[in-house]
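>>> This is a predicted model, with the sequence first.
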Amino acid sequence: MGTRVTAPSVRACKVARGSTPLVMVTAYDAPTARMVDDAGVDLLLVGDSVAMVVLGHDDTLSVTVEEMAHHTAAVARTSPRAMVVTDLPWLSYHLSTEDTVRNAAQLIRAGAAAVKLEGGLRRVPMVEALVDAEIPVMGHLGLTPQSVHALGGFKVQAKEAAAAHALVEDAVALAEAGVFGIVLEAVPDTVARMVTEAVDVPTIGIGAGIHCDGQVLVLHDVLGMQDRLLPKFVRAYGSLKADGVTGLSAFAADVRSGAFPGPAETYHLSADVEAELESEIEGLYGGGILSA
Ligand code: KIV
């Protein structure tokens, strides 16, 4: 196992301009965490996208701090080299700074090394309170899925000059408040470039073009684990849903035809015990005891 990725080492990737882009992928349980970590990914995001891609909800709003802690603990138990960042779910950081720190602490105690929250200027007091409590924080700007109702849907953001300037202002405010990185979701590439140039922390893009300091995607999208309509910015590097259906169909067919289980998948008795029990079975069935 290589050196563990930490908030300072991620932060330093900005300092080392021209360094290799950061890679972040979501994971929600132990097997997916092992898969992502074995691939050498830098940051492992226990995203609130778990609500949609694992728990079957239509948006991210239903997931709770307890559920996020449950998934974080499963991921953290694998002791990945990658840094574990967990999303603070909707309404866990909106009411007060005390509430924010208490909820974040629950995720840190579950095994996260940092938390991520959505929003800009309005979240500055929460970011400062978390930093004050020694909890590394990542920001998330642009399309912020927890604002799906306020935004009127999952739409590309900052398409006008005024919105682009507001986004840069938000990013600068978050960076000054102490975030160690910022996710930029679904914004035009030039706007992502403006933000990336304006802040001294790494930007990690998802649907934000090539100018960010890193890229993040949802695991289930990268590996083609489900049929959902993929956003424009996803490139699928696998087709696990199709592979899974093919494998399971073959299993079902083998069970139905009697081809599974075969001798290799079956436990066998020693020859003498086998002979003894065979004669007992013969006695029971052959003598008609069981058929009476
Ligand atoms: O929850 C999530 O998966 C995320 C990514 C889209 C960045 O926040």
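It's in. Numbers count the residues shown, from 1 in each chain.
>>> Contact partners for the closest residue to the ligand within the chain?
The minimum distance from the chain to the ligand, using CB to the nearest ligand atom, falls at Gly47 (2.4 Å). Where you see a C-beta, it was placed from the backbone N, CA and C, and this is true even at glycine. For Gly47, the contact set (CB atoms under 8 Å, 6 or more residues apart in numbering) comprises 26, 28, 87, 218.
>>> which regions of the stretch 1-150 of the chain sit below the pLDDT cut-off?
Judged by pLDDT under 70, the stretch 1-150 of the chain has its weakly predicted residues at 1, 15-17.
>>> Which positions in it make contact with the ligand?
By the rule CB under 6 Å from any ligand atom, the part of the stretch 1-150 of the chain lying against the ligand is 26, 45, 47-49, 87, 140.
>>> So which of these are in strands?
Counting by DSSP state E, those place 26, 45, 87, 140 in strands.
>>> would JSON lines of these with neighbour count be doable?
Formatted as JSON lines, those follow (neighbours: other CB atoms under 10 Å):
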{"residue": "Thr26", "neighbour count": "28"}
{"residue": "Leu45", "neighbour count": "31"}
{"residue": "Asp87", "neighbour count": "30"}
{"residue": "His140", "neighbour count": "27"}
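>>> got those as CSV, with distance to Ala12 columns?
Below are these laid out as CSV (distance: CB to CB, whole Å):
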residue, distance to Ala12
Thr26, 23
Leu45, 19
Asp87, 23
His140, 21
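>>> Correct me if wrong: Val50 contacts Val63.
Yes. With contact defined as CB atoms under 8 Å, Val50 counts as touching Val63 (6.1 Å).
>>> If you count surrounding residues, which of these two has more?
Val50 (27 against 24; other CB atoms under 10 Å).
>>> circling back: phi, psi of the residue of the chain closest to the ligand?
For Gly47, the backbone dihedrals (degrees, to the nearest 10) come out as phi -80, psi 150.
>>> Now do the same contact list for Ala114.
Contacts of Ala114 by CB under 8 Å, 6+ apart are 7, 83-86, 135-138, 180.
>>> Sort out for me which of those residues are in helices.
Taking DSSP state H, the ones among these that sit in helices are Ala7.
>>> List just the nearest of the contacts of Ala114 to Asp59.
For the contacts of Ala114, the closest approach to Asp59 (CB to CB) belongs to Thr86, at 18.2 Å.
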